[in-house]
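A.B. asks: Next comes the sequence, and after it the predicted model I'd like to discuss.
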Amino acid sequence: MPKQLEWTRRAALRLAWLGVIAASALTIEPLLKYLTSKEDRLQSPLVAYNKPLVVSSDWQNTANARVWVKQDSLGVMALVATCTHLGCEVHYQPETKEWLCPCHGSIYDLEGRPVSGPAPKALPRVAVERKADGSLMINTSKLVGMDTRL
């Protein structure tokens, strides 16, 4: 007759710890992939913008979905629509003049300053330069202040 297993407290704790270790091992790989992924990051630090800009309160999208430009009475500015909480792409809502993060619900005002949610700081502003042919060159690797305009 086969010997019957006895469940002791020590055996149960051992099995529980093995379960915790196995669960941890299964979550580490996707977490590391997420943290080191370059998939969603900007492909190039330079973005050209050739469309005419008019003085407006609305942001206009560039060829790079995460880079937006706007011209107001003080000049031209650009921002990167990446949430400062965990790096999700934020979406501009022209009806409400807000930026919304679909990941954790952060809301930014028209200028990119956080209004509510877990976002710790404003959307990053980046440098804008005008080329000789009149088109704009946006340098996403060069951060500028909120009041900086071309």
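C.D. replies: Arrived safely.

A.B. asks: which residues of the protein fall in helices?
C.D. replies: When assigned using DSSP state H, the helices of the chain occupy the ranges 9-36.

A.B. asks: which residues of it score low on pLDDT?
C.D. replies: 1-5, 31, 33-57 (pLDDT under 70).

A.B. asks: Of all the residues in the longest strand anywhere in it, which ones are buried?
C.D. replies: In the chain, assigned by DSSP state E, the strand with the most residues is strand 136-144. Residues 136, 138, 140, 144 are the ones in strand 136-144 that count as buried (16 or more other C-beta atoms under 10 Å). Heads up, the C-betas are built off the backbone N, CA and C, glycines and all.

A.B. asks: go on, stretch 74-85?
C.D. replies: Within stretch 74-85, the residues that qualify as buried by neighbour count (16+ other C-beta under 10 Å) are 76, 77, 78, 79, 80, 81, 82, 83, 84, 85.

A.B. asks: if we can go back for a sec, is it possible to get TSV of the buried residues of strand 136-144 that adds distance to residue 92?
C.D. replies: What follows is the buried residues of strand 136-144, written out as TSV (distance: C-beta to C-beta, whole Å):
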residue	distance to residue 92
136	18
138	16
140	17
144	19
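
A.B. asks: With respect to residue 120, which of those residues is nearest?
C.D. replies: Comparing those against residue 120 with C-beta to C-beta places residue 144 closest, at 18.7 Å.
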